[in-house]
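Trainee: after the sequence you'll find the predicted model.
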Amino acid sequence: MIDKTSYFESSSIPPAQVATAPEPTSTSHWSPTQLRPVPAFYPLEKSSRLIQDESATDVALRLTECLRTLSIQALYDNKAATASLFTAENVEMHLSLWLKAATPSNATCGVVVELQRRKGDSIAFHRYSRSILDAAVGDLDLDTMPNDVWDDAVYSKKVQRLLSMELDNQHNQEHENAIIAIEIAHGLLMKDRMDARQLGLESLCLLTDPKKTGYITAVLTSHVVLLGTTLGVRIPGVDDEGDSAIVMDEGPFQEIREAILSLVQFSRIGDDDETDVDDIVTMPDSDHMMLLHNLALAVLANALEVIENPERFDDEPEQTHDSKPRARLRTASSSDVTNEFLQQTEDFSKKEILSTLIAELGKAHTKPHNAALSAKCLGSMCRASDEAKERAKELGAKTVVSTALDVGARTHLKLETECKKVSKVLQLTTTATSTTTGTTDSLE
């Protein structure tokens, strides 16, 4: 086995250490001063391209714009002509530029772009590597690339197999399968092993995404994540009376909510670790805890987006089967759910969730993926609740969002997009009554 890290010395710096990285590292501009020739006996990765008749500056410029468009966190080293990359799917990559000189046996010369996978899912790596290498050559048109092309996060295949096997019951209605899936996620989340907790959070990421699961499942799971209960969700036609709340043991649902809040606000589950989020770098297994923290933010962002306006995800028209109408949900208004979530969060942790999200957004320079998710959470809450919007303004959200927007405009497209949405809603004048109405009246 060849230890390739020795060729790069200290140029590869983990994302958690970006703030303390020495010059000439940069997070927004890549201008290699000099390319090194490919070392002797150095086997180039298959994920590499030779670019002829191009300067290193032009290649680096195309790569920088591609990484910004794909929302990949990058730490550039101009001296070594390398870049450490970190994606939203927690894939770590190393990008290098080499000089290919002409030899008596091979007259071909140019710039070699090499991409290595250091950690993370191999499928996600190959998805990214194709786009990055195509952009380096100039074959990828970034202007025509849709903004949501990478919205579908790659989660563990174990999660998808586990849920599909357990939910392969055509006799169950969707809400029954949803409860089974939530209980599976709860069982994984409550285990002591870090890998099981990761699977549990990835399950919740899938269950709160209406594009990957059913509309009813996403709404039920979102209520569990935010309020720890499904009592606020009613499905007409569940029983003979035609209007019954889903009643069951709420203990596991409360534990899911508490676990998500603990990870988002304190980067721990329960009493496992008393270290605050700001000290996450010095914690044991800090890399894994940072991953769980990121997944918890993703779950919270999905849940708030579903609650903000659940009916926009229900694109299936009214139908009848066996003379019975399709079951439709009736829930409290998004404003009521959001306000209840804010109150319960403060009662549980003695800390405002809004202040946590604003603080996370303030770390956009070093943790842009977490900042983008925090901005998404803030935007959903401020659009759903005037109280949340006014409180965010009191906590100085406008200044923080403006700073994060500048970081996103230079390095991270998703962060820029979410910050623009938050900035827009914060500029709106608060009305006397919330303009967001619930689905109860419309479905009565």
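Mentor: Now that the structure is in, tell me what you want to look at. Quantities reported herein were computed from a predicted structural model and do not represent experimental measurements. Numbers count the residues shown, from 1 in each chain.
Trainee: flag the shaky bits of this protein, pLDDT-wise.
Mentor: Along the chain, the parts satisfying pLDDT under 70 run over 1-25, 102-107, 144-172, 234-249, 270-285, 311-330, 430-444.
Trainee: break it into its domains for me.
Mentor: Domain ranges of the chain: 4-144, 155-315+325-331, 348-444, per automatic domain parsing.
Trainee: okay if I get those as JSON lines plus mean neighbour count?
Mentor: From N, CA and C alone the C-beta is placed, and that goes for glycine too. Below are the domains of the chain laid out as JSON lines (neighbours: other Cβ atoms under 10 Å):
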{"stretch": "domain 4-144", "mean neighbour count": "17"}
{"stretch": "domain 155-315+325-331", "mean neighbour count": "18"}
{"stretch": "domain 348-444", "mean neighbour count": "19"}
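Trainee: now render those domains as JSON lines, adding distance to residue 341.
Mentor: JSON lines is the format used below for those (distance: least, Cβ to Cβ, whole Å):
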{"stretch": "domain 4-144", "distance to residue 341": "24"}
{"stretch": "domain 155-315+325-331", "distance to residue 341": "4"}
{"stretch": "domain 348-444", "distance to residue 341": "8"}
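Trainee: ok, which of the ones you listed comes nearest residue 337?
Mentor: In terms of Cβ to Cβ, the element of the domains of the chain nearest to residue 337 is domain 155-315+325-331, at 5.1 Å.
Trainee: can you name the residues in contact with the helix or strand where residue 339 lies?
Mentor: Here residue 339, judged by DSSP states H and E, is contained in helix 334-349. Outside helix 334-349, the residues that touch it by Cβ atoms under 8 Å, 6 or more residues apart in numbering are 223, 226-228, 232, 258, 261-262, 265-266, 304, 307-310, 331, 351-354, 380-381, 384-388, 391, 434, 436, 438.
Trainee: so after it, what's the next helix or strand?
Mentor: helix 353-361.
Trainee: mind listing residues that contact that following helix?
Mentor: So helix 353-361 is in contact with 261, 264-265, 277, 297, 341-342, 345-346, 367, 370-371, 374-375, 377-378, 381, 388, 391-392, 395-397, 400-401, 404, 419, going by Cβ under 8 Å, 6+ apart.
Trainee: what angle separates it from helix 334-349?
Mentor: In terms of direction (axes from the mean of the first three to the mean of the last three Cα atoms, to 10 degrees), helix 353-361 departs from helix 334-349 by 80 degrees.
Trainee: which strands or helices does the longest helix along the chain pack on?
Mentor: Longest helix of the chain, by residue count under DSSP state H: helix 286-308. If contacts are counted by 3 or more Cβ pairs under 8 Å, 6 or more residues apart in numbering; DSSP states H and E, helix 286-308 sits against helix 194-207, helix 215-227, helix 251-266, helix 334-349, helix 368-384.
Trainee: now those in a markdown table, with distance to residue 429?
Mentor: Formatted as a markdown table, the helices and strands packed on helix 286-308 follow (distance: least, Cβ to Cβ, whole Å):
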| stretch | distance to residue 429 |
| --- | --- |
| helix 194-207 | 35 |
| helix 215-227 | 27 |
| helix 251-266 | 30 |
| helix 334-349 | 16 |
| helix 368-384 | 13 |
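Trainee: looking at the ones you listed, which is closest to residue 85?
Mentor: Proximity to residue 85 (Cβ to Cβ) singles out helix 368-384 among the helices and strands packed on helix 286-308, at 11.8 Å.
Trainee: that closest one packs against which elements?
Mentor: With contacts taken as 3+ Cβ pairs under 8 Å, 6+ apart, helix 368-384 sits against helix 286-308, helix 334-349, helix 353-361, helix 386-394, helix 397-411, helix 413-427.
Trainee: and the longest one, how far from the chain's centre?
Mentor: The reference is to helix 286-308. Counting by Cα atoms, centre = their mean, to the nearest Å, helix 286-308 is centred 7 Å from the centre of its parent chain.
Trainee: next, the angle helix 334-349 makes with that helix.
Mentor: Using the same axes, to 10 degrees: helix 286-308 against helix 334-349 is 150 degrees.
Trainee: now do the contacts for residue 288.
Mentor: Neighbouring residues of residue 288 by Cβ under 8 Å, 6+ apart: 194, 198.
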